[in-house]
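# sequence-free structure coming up:
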């Protein structure tokens, strides 16, 4: 058997297309979220939680929330809200991490994405979210002040629930057509998030899916 690999002159009229950045994720979403149905939709929610945890978790000694933190997830139709309620003491360099997050928004390999914890089944959360969602709005809420971190496509309104710990980081977005989130239920999403290794010390406080 003869192959043409390694010789561009023998590859025929359709050379291999090399893609990079967010474009590559949008064209081959299954490579990054696995499934294009409700499992992939739940994976996107988990990636949003992991991205928010990477902003707030105190990683100076170990990747764990020292004061514990609460995860809140709400789905209403195609709109999703993911919030982490954390203690400000767990985020001593939050402003620097926010800048790093934005500067790495187009990168999606573990080596390039400095905020990525390199967890299982996860490349870089933010580029995957940008490629497979619309109107993404990432924000921080502390001391009565709201700061937008990243707003895409006009962005949905910022999510500002009541904080118990003192620091809220939130991501709000609309699912794109891929993955299909129409069959995502609260029980399924809760089970998925409970089994996903986001960060030690992060407690899933509530997970709600509005009735259709």
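Looks like it arrived, so ask away. Here the structure is a predicted model, which means the values were calculated and not measured.
# what packs against the longest helix along the chain?
As assigned by DSSP state H, the longest helix anywhere in the chain is helix 38-56. Judged by 3 or more Cβ pairs under 8 Å, 6 or more residues apart in numbering; DSSP states H and E, helix 38-56 is in contact with helix 30-33, strand 64-76, strand 79-86, helix 94-103, helix 125-132, strand 133-142, strand 167-175, helix 186-195. For glycine as for every other residue, the C-beta is placed from the backbone atoms N, C-alpha and C.
# Run the angle between it and helix 186-195 for me.
50 degrees (axes from the mean of the first three to the mean of the last three Cα atoms, to 10 degrees).
# distance between helix 38-56 and the chain's centre?
Centroid displacement of helix 38-56 relative to its chain, using Cα atoms, centre = their mean, to the nearest Å, is 4 Å.
# what about that helix, average pLDDT?
Average pLDDT, helix 38-56: 89.
# ok and that helix relative to strand 133-142, angle-wise?
Following the same axes, to 10 degrees, one obtains 30 degrees for the angle between helix 38-56 and strand 133-142.
# What residues of helix 38-56 count as buried?
38, 40-56 (16 or more other Cβ atoms under 10 Å).
# give the contact list for the residue most central in space within the chain.
The residue lying closest to the centre of the chain (Cα atoms, centre = their mean) is residue 48, at 2.5 Å. If you count contacts by Cβ atoms under 8 Å, 6 or more residues apart in numbering, residue 48 has them with 80, 82, 125, 129, 171, 173.
# Reformat the residues you listed as CSV; add pLDDT and distance to residue 196.
What follows is the contacts of residue 48, written out as CSV (pLDDT from 0 to 100; distance: Cβ to Cβ, whole Å):
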residue, pLDDT, distance to residue 196
80, 95, 15
82, 96, 12
125, 80, 12
129, 87, 15
171, 95, 15
173, 95, 18
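# ok, and the most crowded of the residues you listed?
Tallying neighbours with other Cβ atoms under 10 Å puts residue 171 at the head of the contacts of residue 48, with 29 neighbours.
# who's it bridged to?
Beta-bridge pairing for residue 171 (DSSP bridges): residue 82, residue 138.
# how close does it sit to residue 139?
According to Cβ to Cβ, to the nearest Å, residue 171 and residue 139 sit 8 Å apart.
# list residues touching both of these two?
Jointly contacting residue 171 and residue 139 under the rule Cβ under 8 Å, 6+ apart are residue 159.
# Now residue 133. Nearest residue, chain neighbours left out?
Of all residues not flanking residue 133 in the chain, residue 173 sits nearest, at 4.0 Å (Cβ to Cβ, 6 or more residues apart in numbering).
# typo on my end, residue 36
Leaving aside its sequence neighbours, residue 36 sits nearest to residue 179 (Cβ to Cβ, 6+ apart; 4.8 Å).
# quick one: contacts for the one you found?
Contacts of residue 179 (Cβ under 8 Å, 6+ apart): 29, 33, 35-41, 43-44, 132.
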